[in-house]
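> Predicted model and sequence below, questions to follow.
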Amino acid sequence: MPQINPPKYVRQILFGLQARSHQAYLVGGCVRDMLMDITPQDWDICTSALPEEVMSIFPGSEPTGIKHGTVTVKVGNRSAEVTTFRTDGSYRDHRRPESVTFVSDLISDLSRRDFTMNAIALSADGMLSDPFDGVQAIRERTIRCVGDPMLRFNEDALRMFRALRFSARLGFTIEYGTVAAISECSPLASELAPERVRDELEKILLTTRPETLGVAIKFGLLKRYIPGNGWASPNYADIANMSRKPLTRWVTLSIMLQKYGYIPSAHAFLEELRLDGRTLRCCADAEEMLKCEAPTDKLGWKRLLSRYGVDSVACAVAAYDVINGLNCEKEFKAVLKSGECFSLKHLVVSGDDLLSLGLKGPELGEMLKFLLDYVMEYPDNNKREILLELAKYSEES
């Protein structure tokens with residue numbers, strides 16, 4: 001077993017609670033990650049102490065989720081979430097419990113959790129509490145629900161996406177009973193807020209196994225957003241070879257889905273999932289660019305960059321390469337690396353320089369555009385004296 005050694009500030013919180021006769025354990029993803037020799041990004045603690053007791057022990061704590069028993073405890077400039085042992089009442093809209101009941105025993109708290117690998121607790125002295133064989137699941141690299149998977153997914157439908165996300169991130173297999181329950185409960189996914197679905201999909205999209213998105217589609221988890229079956233299966237795995245920027249991967253995914261007949265509009269798909277304006281703009285630009293063939297020379301690339309900008313062209317190139325099995329990205333990056341001018345900010349003259357020549361209003365803007373076109377074609381002439389002379393000559397003629 002890997003060495004389990006939480007940071008000092010986390011141990012301080014655990015010992016602080018225990019010193020007041022409260023039970024306290026690390027729980028959930030941080031324990032799972034430590035058992036896999038992965039450094040946790042967040043630290044979650046569960047305790048028998050009530051929220052007000054936690055806040056009394058640690059002055060300056062913030063009641064970030066007090067309704068559900070969660071307090072954020074700060075130690076210096078570090079923090080950890082501390083949540084009172086609880087059981088959940090009936091669930092509202094297959095997402096959130098209507099009520100919670102604070103309890104005094106750890107096992108009851110662990111029994112409400114999603115997967116066995118996340119239902120392991122670790123005490124300050126390094127003792128594991130593992131009533132659902134989560135350690136064995138980690139050894140077997142298996143995702144298995146705590147208790148009845150049908151019940152778990154009916155409680156919180158987002159757990160189905162979490163199962164796929166963990167499978168993509170960790171390379172784990174989802175065990176048969178859990179897979180069957182996901183297939184059975186998939187219609188519940190349509191009731192989830194688009195923002196929550198988007199966030200889970202993005203986490204899958206940014207892993208080294210984005211092909212897991214194809215599994216989500218196959219299960220019907222995305223029926224609300226992807227109504228069609230498509231006429232061919234996109235090679236989602238190719239997305240893993242491109243930039244890990246969410247912008248690029250989202251636009252590429254949406255264009256792939258449109259290309260293969262799964263959705264009528266890439267832009268509408270992203271809009272329905274509540275993607276940000278920048279992503280929507282780049283998607284619209286990329287769709288427009290992909291109606292034409294890729295540029296065949298440096299000037300063509302510079303004109304494309306001048307019109308659409310680096311982000312949009314990068315998205316279009318990524319999608320074009322994945323769909324067509326090409327490598328236009330190499331040419332695109334070579335143009336960027338050359339440092340040659342393709343936007344007004346690259347010109348060595350500005351509007352102020354042209355004002356001194358007596359140009360103003362629309363004619364000033366037209367002259368800047370003319371000079372930019374000239375420099376894109378003759379990059380070695382991006383020199384102040386040449387451009388001012390050209391502007392002066394053009395104005396006089």
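Yep, it's here. Numbering: from 1, shown residues only.
> Check the separation of the first and last residues in stretch 339-354.
The first and last residues of stretch 339-354 sit 24 Å apart, counting by Cα to Cα, to the nearest Å.
> List the buried residues in it.
Across stretch 339-354, burial judged by 16 or more other Cβ atoms under 10 Å covers 340, 341, 342, 346, 347, 348, 349, 353, 354. (Each C-beta comes from the backbone N, C-alpha and C, glycine too.)
> Check stretch 129-138 too.
Applying 16+ other Cβ under 10 Å to stretch 129-138 flags 129, 130, 132, 134, 135, 137, 138 as buried.
> who's in contact with it?
For stretch 129-138, contacts defined as Cβ atoms under 8 Å, 6 or more residues apart in numbering pick out 25, 32, 35-36, 106-107, 110-111, 115-123, 128, 143-144, 146-147.
> Which of those fall within helices?
When the contacts of stretch 129-138 are checked against helices (DSSP state H), the matches are 32, 35, 106, 107, 110.
> closest to residue 49 among those?
If you rank the ones in helices among the contacts of stretch 129-138 by distance to residue 49 using Cβ to Cβ, residue 106 comes first, at 12.6 Å.
> got a list of what that closest one touches?
Contact analysis of residue 106 by Cβ under 8 Å, 6+ apart lists 23, 25, 46, 48, 85, 121, 129.
> low-scoring stretches of the stretch 51-200 of the chain, by residue?
With pLDDT under 70 as the threshold, the stretch 51-200 of the chain has low-confidence stretches at 93-95.
> coming back round to it: can you list the ones in helices among the contacts of stretch 129-138 in TSV and add distance to residue 179?
Shown next, in TSV, are the ones in helices among the contacts of stretch 129-138 (distance: Cβ to Cβ, whole Å):
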residue	distance to residue 179
32	20
35	23
106	29
107	27
110	23
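> ok, back up a step: now the buried residues of stretch 339-354 in a markdown table, with pLDDT, distance to residue 197 and secondary structure?
As requested, the buried residues of stretch 339-354 are arranged in a markdown table below (pLDDT from 0 to 100; distance: Cβ to Cβ, whole Å; DSSP: H, G, I helix; E, B strand; the rest coil):
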| residue | pLDDT | distance to residue 197 | secondary structure |
| --- | --- | --- | --- |
| 340 | 93 | 42 | coil |
| 341 | 94 | 42 | coil |
| 342 | 94 | 37 | coil |
| 346 | 92 | 40 | helix |
| 347 | 92 | 44 | coil |
| 348 | 90 | 48 | coil |
| 349 | 88 | 49 | coil |
| 353 | 82 | 51 | helix |
| 354 | 83 | 50 | helix |
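> Which single one of those residues is nearest to residue 391?
Distances from residue 391 to the buried residues of stretch 339-354, taken by Cβ to Cβ, are shortest for residue 354, at 6.0 Å.
> Verify the stated contact: the closest one with residue 365.
No: in this structure residue 354 lies outside contact range of residue 365 using Cβ atoms under 8 Å: 9.3 Å.
> OK, contacts around the residue nearest to residue 198 when sequence neighbours are not counted?
In this structure, residue 198 finds its nearest non-sequential neighbour in residue 273, 4.3 Å apart by Cβ to Cβ, 6 or more residues apart in numbering. By Cβ under 8 Å, 6+ apart, residue 273 lies in contact with 194, 197, 198, 201, 225.
> Just the pLDDT at residue 232, thanks.
The model reports residue 232 with a pLDDT of 68.
> who touches residue 379 in this structure?
Residue 379 sits in contact with 338, 340, 341, where contact means Cβ under 8 Å, 6+ apart.
> go with 7 Å
Residue 379 is in contact with 340, 341, counting by Cβ atoms under 7 Å, 6 or more residues apart in numbering.
> and the residue nearest in space to the middle of the chain, what element?
Nearest to the mean C-alpha position of the chain, by Cα atoms, centre = their mean, lies residue 202 at 3.5 Å. Using DSSP states H and E, residue 202 maps to helix 194-205.
> Show me the helices in the stretch 101-250 of the chain, by range?
With DSSP state H, counting those that start in this stretch as the criterion, the stretch 101-250 of the chain has helices at 106-110, 134-139, 149-155, 158-170, 176-185, 194-205, 212-219, 246-259.
> TSV for those, including distance to residue 302?
Output for these, formatted as TSV (distance: least, Cβ to Cβ, whole Å):
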stretch	distance to residue 302
helix 106-110	59
helix 134-139	52
helix 149-155	52
helix 158-170	38
helix 176-185	48
helix 194-205	30
helix 212-219	34
helix 246-259	20
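> Buried deepest among these, which one?
Of all those, helix 246-259 has the most neighbours on average by mean count of other Cβ atoms under 10 Å, namely a mean of 24.
> residues making contact with that helix?
Contacts for helix 246-259 (Cβ under 7 Å, 6+ apart): 202, 205-206, 226, 234, 239, 242, 263, 265-266, 269-270, 275, 278-279, 282-283, 286-287, 290, 311, 314-315, 318-319, 322-323.
> which residue ranges form the helices in the stretch 251-397 of the chain?
266-272, 277-289, 298-308, 310-324, 328-338, 351-355, 361-377, 384-396.
> so which of the ones you listed gets nearest residue 213?
Using Cβ to Cβ, the nearest of the helices of the stretch 251-397 of the chain to residue 213 is helix 266-272, at 12.4 Å.
> Outline the domain layout of this protein.
The chain breaks down by automatic domain parsing into domains covering 1-135, 141-209, 344-396.
> Tabulate those (CSV), appending distance to residue 254.
Shown next, in CSV, are those (distance: least, Cβ to Cβ, whole Å):
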stretch, distance to residue 254
domain 1-135, 25
domain 141-209, 11
domain 344-396, 29
